[in-house]
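A.B. asks: Structure here, sequence nowhere to be found:
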């Protein structure tokens with residue numbers, strides 16, 4: 001069985017680097033005689049005068065375009081099955097750029113792996129290379145809220161329970177997103193000094209648009225979202241969230257490729273008449289936007305963005321290092337002949353494929369276990385009030401909740417009106433409880449208030 005962690009080091013992807021060098025020479029040998037900066041004297045010195053009026057045929061131009069497309073779509077991150085003994089923990093500690101591709105679909109593990117990679121980024125100021133990181137993962141169905149959000153306000157908890165979709169709170173800010181097998185999550189990590197919320201999404205947009213894999217043209221809007229234009233309407237394809245701490249930063253987002261948008265709308269839509277009104281001034285609300293799918297394969301997206309990352313942050317091989325060397329006697333000629341740019345195509349990046357859980361570090365499971373707890377998901381929510389009305393029962397109930405714990409309960413309406421003793425007993429029963437519908441129903445079970453408990457359970461988080 002293939003190990004859960006397989007690492008393709010720079011040595012193991014020299015096949016692409018070699019291919020890149022061959023292709024680079026091919027393109028350069030065609031284009032170098034026709035550089036715009038060559039004068040008539042230069043042409044004579046190089047013996048190129050006979051080619052001065054050359055124009056390449058449409059067939060040659062087409063062939064060149066196809067070759068370039070082959071290079072862009074080269075399976076550069078296919079991991080050799082013979083390399084079974086790589087360790088996620090060893091690669092995360094290296095001060096070199098790396099790409100991590102998770103084949104796992106467990107959202108808790110994927111978010112834990114992301115946090116683990118981020119925590120282990122080395123911060124050496126004297127290292128030759130910077131430890132840029134890029135991670136891809138696809139989660140099974142779940143809803144992910146930002147670190148500072150109120151889940152009761154952001155999502156339809158009863159609908160999520162009906163669908164069997166878990167709620168997860170991530171460790172970065174930003175808004176609420178729905179994950180499923182039809183989207184890809186990306187996470188770019190760098191230093192805090194390099195943080196720029198537009199740079200990496202612009203890299204993604206450039207990689208997708210240049211490839212022509214989709215008829216949909218995408219762009220980055222003023223908020224840093226990746227969008228497309230449908231007439232006068234802007235449709236969102238990917239939003240972003242960020243984390244900056246301890247001199248590091250990461251920028252991650254969810255790219256909608258072939259997601260179930262109907263289910264997305266259902267779990268994010270809250271009918272106030274049924275689920276009540278949430279009033280809070282301390283949590284961060286999501287910015288609502290209409291969304292659409294890009295409709296390209298996940299593998300294509302990962303490949304294109306990986307190549308863009310590799311081109312921007314990868315380590316040059318020996319040939320490109322020589323071309324970049326200021327002391328190289330051929331540097332001026334290479335610059336003049338347009339060879340230097342092609343040298344950057346021959347860059348390499350460490351790659352880690354994660355496809356099983358057996359050898360994940362213990363720290364990953366520790367982080368995942370924390371993400372699963374009710375205290376993390378709900379107990380971090382700042383103070384809010386939740387007002388629910390039931391015309392059939394003739395009652396309005398207002399809860400004040402802080403850090404997921406009920407602080408006060410207020411009643412109004414016809415239901416047991418004027419019974420101050422009942423209101424006192426209600427507060428005694430409910431205050432101090434976790435704000436969970438099942439616990440509220442259990443506390444009110446029996447007697448004339450059982451129907452009240454059943455309704456509150458259903459409205460807060462039940463089915």
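C.D. replies: Nice, I can see it. This structure is a prediction, so every number in the text was calculated from the model and none was measured.
A.B. asks: Low-confidence regions, the stretch 301-450 of the chain specifically.
C.D. replies: Applying pLDDT under 70 to the stretch 301-450 of the chain flags the ranges 317-347, 415-419, 447-448.
A.B. asks: Strands of that one, residue ranges please.
C.D. replies: Remark: strands assigned in the stretch 301-450 of the chain by DSSP state E, counting those that start in this stretch are 315-316, 347-348, 350-354, 384-390, 395-402, 405-413.
A.B. asks: mind checking how far the lengthiest strand in the chain is from the chain centre?
C.D. replies: Using DSSP state E, we find that the single longest strand of the chain is strand 233-245. Centroid separation for strand 233-245 versus its chain: 9 Å, with CA atoms, centre = their mean, to the nearest Å.
A.B. asks: got it, and stretch 395-413?
C.D. replies: Centroid separation between stretch 395-413 and its chain, computed with CA atoms, centre = their mean, is 36 Å.
A.B. asks: quick one on the thing from earlier: would you turn the strands of the stretch 301-450 of the chain into a markdown table with distance to residue 299?
C.D. replies: Just so you know, the C-beta spots here come from the backbone N, C-alpha and C atoms, and that holds for glycine as well. Formatted as a markdown table, the strands of the stretch 301-450 of the chain follow (distance: least, CB to CB, whole Å):
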| stretch | distance to residue 299 |
| --- | --- |
| strand 315-316 | 24 |
| strand 347-348 | 20 |
| strand 350-354 | 13 |
| strand 384-390 | 42 |
| strand 395-402 | 44 |
| strand 405-413 | 46 |
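A.B. asks: will you turn those into TSV that also has distance to residue 460 and mean neighbour count?
C.D. replies: As requested, the strands of the stretch 301-450 of the chain are arranged in TSV below (distance: least, CB to CB, whole Å; neighbours: other CB atoms under 10 Å):
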stretch	distance to residue 460	mean neighbour count
strand 315-316	53	16
strand 347-348	53	23
strand 350-354	37	23
strand 384-390	7	18
strand 395-402	9	19
strand 405-413	11	16
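A.B. asks: Go through the ones you listed and name the closest to residue 438.
C.D. replies: Among the strands of the stretch 301-450 of the chain, the nearest to residue 438 by CB to CB is strand 405-413 (13.5 Å).
A.B. asks: what residues does that closest one touch?
C.D. replies: Identification of contacts with strand 405-413 by CB atoms under 8 Å, 6 or more residues apart in numbering yields 379, 383, 389, 393-401, 423, 426-427, 430-435.
A.B. asks: quick one: the strands in the stretch 51-200 of the chain?
C.D. replies: 98-102, 133-137, 142-145, 167-169, 177-179, 183-191.
A.B. asks: Show me what the longest one is packed up against.
C.D. replies: Where contact means 3 or more CB pairs under 8 Å, 6 or more residues apart in numbering; DSSP states H and E, strand 183-191 is packed against helix 107-119, strand 133-137, strand 248-256, helix 298-313.
A.B. asks: if we can go back for a sec, can I get the strands of the stretch 51-200 of the chain in CSV with mean neighbour count and distance to residue 255?
C.D. replies: Shown next, in CSV, are those (neighbours: other CB atoms under 10 Å; distance: least, CB to CB, whole Å):
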stretch, mean neighbour count, distance to residue 255
strand 98-102, 23, 14
strand 133-137, 25, 9
strand 142-145, 24, 14
strand 167-169, 20, 18
strand 177-179, 25, 10
strand 183-191, 23, 5
